[in-house]
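Trainee: Provided below are the primary sequence and the corresponding predicted coordinates.
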Amino acid sequence: MRLRKLARHAREAWEVPRDLLLRRYPEFVTGGPLPKGQVPVFVFHSLEPETFGRKLRYLSENGYVTLSAEEYFQVLMGSRPAPDRAVVLTFDDGRGTVWSVGYPLMRRHGMKGIVFLVPGRTVSRPGPLRATIDEVREGRARLDAVLGRERGDAPFLSWEEIEALDRSGLFDFQSHTLSHARIHTGPKVAGFLTPAMRSGYACMDVPLIHEDGRDRLAGELPLGTPLLRSEPRTSEALRFYEDAAVRTTCVATVEAEGGEGFFYRKGWEKRLRRFLEHHPIGGRTESAQEREAAIRTELADARRLIEERIGRAVVHLCYPWHASGPTARRLAREIGYRTAFCGKVPGVRITVPGGDPHAIARIGEDYVELLPGRGRADLSSVLRHKWTRRLRGGA
């Protein structure tokens, strides 16, 4: 699994020069201008104090302003002009460092952003709110404890943190679907559930498992559960429901031979795979009607749950893994989403006024400091940092 992850990061890193050659990035990335009226949209995930603070400082010192979701929508619709040097900062998944790192730094620099939440993975944690880097600076908390939450039992914002951030007026909370789900699409085995997959953000790569009449997330699954070939739920792929019997022996083997300790033994994966080679995986594929109902639930329930907690309209959507099929795109409009944020959009460097609000192009956080301004970064140094981080297995 580790080798496959490194291979994926390497492929992603080499996509950059390819996309540069194909002119898929905005002009400013390669040293060009940011034309008047164009508003780049940046995407962030986990936040680190030094690098995130440096990016916000660069924006502030060079006169950039940030737009809320509604302000950006009005620009796209042509009902208001784009302010000079306007940008949009988006944060996917509702990760814990939005509270512990993002909130103090956004407040310090007078910035605002859009957080795309996954309410099906969001929990309530009554009591005192978690410490932030402000408490670290004041000597009342340790930095490793503040940042370590994303690798442990609290990777996502709690509802209490979300409500506090909403009251600050610095963040819009919008939809990243109900569960940011992946689904099995066929009987080919891709791996097995390990202890590392049940914590932090690795859990988001674990496909839904249907058991006892409902879908279960990674944290509810027994170790050794076979994970099959998968795709995002919002893609057009049809879901494969494997027979529960395929899990029985794998899970029982892991449990009988030490639970977590089983995965520290050499050749553990080969052993589980060897069993499945002699036991074909049966199951059924969902119908197009079942796919539509499931995607509708992902889109509609996410909107409803967030609105119930914050008391504000949720009309902006971000597709998980930037994946959307025709069914998801149609349903998003029917359910009432005004926009859908994506990643790279074919033929679109920056979504401009009059462009498709349901296919908004975004660019990675690495490129913030390539915007025109004093102290502008060099593309080669940005790419070196990006490749090094990816090849080391970072996000």
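Mentor: That came through fine. Note that this is a predicted model, so its numbers are computed, not measured.
Trainee: what's the longest helix in the protein?
Mentor: helix 288-310 (DSSP state H).
Trainee: measure residue 272 to residue 225 for me?
Mentor: To residue 225, residue 272 is 10 Å away according to CB to CB, to the nearest Å. Bear in mind the C-beta positions are built from the backbone N, C-alpha and C, glycine included.
Trainee: Find residues that contact each of the two.
Mentor: 192, 250 (CB atoms under 8 Å, 6 or more residues apart in numbering).
Trainee: hang on, the earlier thing: list the helices and strands the longest helix of the chain packs on?
Mentor: helix 159-168, strand 171-175, helix 326-335 (3 or more CB pairs under 8 Å, 6 or more residues apart in numbering; DSSP states H and E).
Trainee: Which parts of the stretch 51-200 of the chain are helices?
Mentor: 69-77, 97, 103-109, 133-137, 143-148, 159-168 (DSSP state H, counting those that start in this stretch).
Trainee: ok now the shortest one, how far from the chain's centre?
Mentor: To tie it back to what came earlier, the one meant is helix 97. 13 Å (CA atoms, centre = their mean, to the nearest Å).
Trainee: Let me know the average pLDDT across that helix.
Mentor: Across helix 97, pLDDT averages out at 96.
Trainee: circling back to that earlier point, so of the helices and strands packed on helix 288-310, which one's packed in deepest?
Mentor: Stretch with highest mean neighbour count among these: strand 171-175 (a mean of 26; mean count of other CB atoms under 10 Å).
Trainee: how about it as PDB, C-alpha atoms only?
Mentor: The C-alpha coordinates for strand 171-175 follow below in PDB (Å, rounded to 0.1, in the frame of the first residue of the first chain):
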ATOM      1  CA  PHE A 171     -15.700  31.300   6.900                       C
ATOM      2  CA  ASP A 172     -18.600  30.200   4.700                       C
ATOM      3  CA  PHE A 173     -19.600  26.600   5.300                       C
ATOM      4  CA  GLN A 174     -20.700  24.700   2.200                       C
ATOM      5  CA  SER A 175     -21.200  21.200   1.000                       C
END
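Trainee: pull the longest strand from this structure.
Mentor: strand 182-192 (DSSP state E).
Trainee: can you redo the helices and strands packed on helix 288-310 as a markdown table with mean pLDDT?
Mentor: Formatted as a markdown table, the helices and strands packed on helix 288-310 follow (pLDDT from 0 to 100):
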| stretch | mean pLDDT |
| --- | --- |
| helix 159-168 | 97 |
| strand 171-175 | 97 |
| helix 326-335 | 98 |
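Trainee: Show me the domain layout of the protein.
Mentor: Using automatic domain parsing, the domain ranges for the chain come out as 2-178+297-391, 182-232+244-280.
Trainee: Is it possible to get a markdown table of the ones you listed that adds distance to residue 287?
Mentor: Output for these, formatted as a markdown table (distance: least, CB to CB, whole Å):
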| stretch | distance to residue 287 |
| --- | --- |
| domain 2-178+297-391 | 12 |
| domain 182-232+244-280 | 14 |
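Trainee: Give me the distance between the closest residue to residue 60 other than its chain neighbours and residue 66.
Mentor: Excluding its sequence neighbours, the residue lying closest to residue 60 (CB to CB, 6 or more residues apart in numbering) is residue 109, at 4.7 Å. When distance is defined by CB to CB, residue 109 is 9 Å away from residue 66.
Trainee: Counting neighbours around each, name which of the two comes out higher.
Mentor: Set residue 109 next to residue 66 and count neighbours by other CB atoms under 10 Å: residue 66 wins out with 24 against 16.
Trainee: Quick check, the more buried one in contact with residue 91.
Mentor: No - under the criterion of CB atoms under 8 Å, residue 66 is not in contact with residue 91, lying 11.9 Å apart.
Trainee: Need the overlap of contacts for those two.
Mentor: In contact with both residue 66 and residue 91: residue 113, using CB under 8 Å, 6+ apart.
Trainee: burial count for residue 16?
Mentor: Residue 16 has 20 neighbouring residues, counting by other CB under 10 Å.
Trainee: now the one 10 residues further on
Mentor: Neighbour count of residue 26, defined by other CB under 10 Å: 21.
Trainee: State the pLDDT value of it.
Mentor: pLDDT at residue 26 comes out at 93.
Trainee: what's the answer for the one 10 residues further on, then?
Mentor: We note a pLDDT of 93 for residue 36 in this prediction.
Trainee: Let me know whether the residue nearest to residue 60 touches residue 58 as I believe.
Mentor: No - under the criterion of CB under 8 Å, residue 109 is not in contact with residue 58, lying 9.8 Å apart.
Trainee: sorry, back to before: so for residue 117, which of the helices and strands packed on helix 288-310 sits nearest?
Mentor: strand 171-175 (5.5 Å; CB to CB).
Trainee: mind checking how far the closest one is from the chain centre?
Mentor: Centroid separation for strand 171-175 versus its chain: 13 Å, with CA atoms, centre = their mean.
Trainee: Next, the angle from that strand to helix 159-168.
Mentor: Going by axes from the mean of the first three to the mean of the last three CA atoms, to 10 degrees, strand 171-175 is angled at 130 degrees with respect to helix 159-168.
Trainee: Strand 171-175 vs helix 326-335, what angle?
Mentor: Using the same axes, to 10 degrees: strand 171-175 against helix 326-335 is 120 degrees.
Trainee: neighbouring contacts of strand 171-175?
Mentor: By CB under 8 Å, 6+ apart, strand 171-175 touches 68-70, 91, 94, 98, 103, 106, 112-117, 162, 165-166, 299, 302-303, 306, 310, 312, 314-318, 337.
Trainee: Any of the residues you listed buried? List them.
Mentor: 68-69, 91, 94, 98, 103, 106, 112-117, 162, 165-166, 299, 302-303, 306, 310, 314-318, 337 (16 or more other CB atoms under 10 Å).
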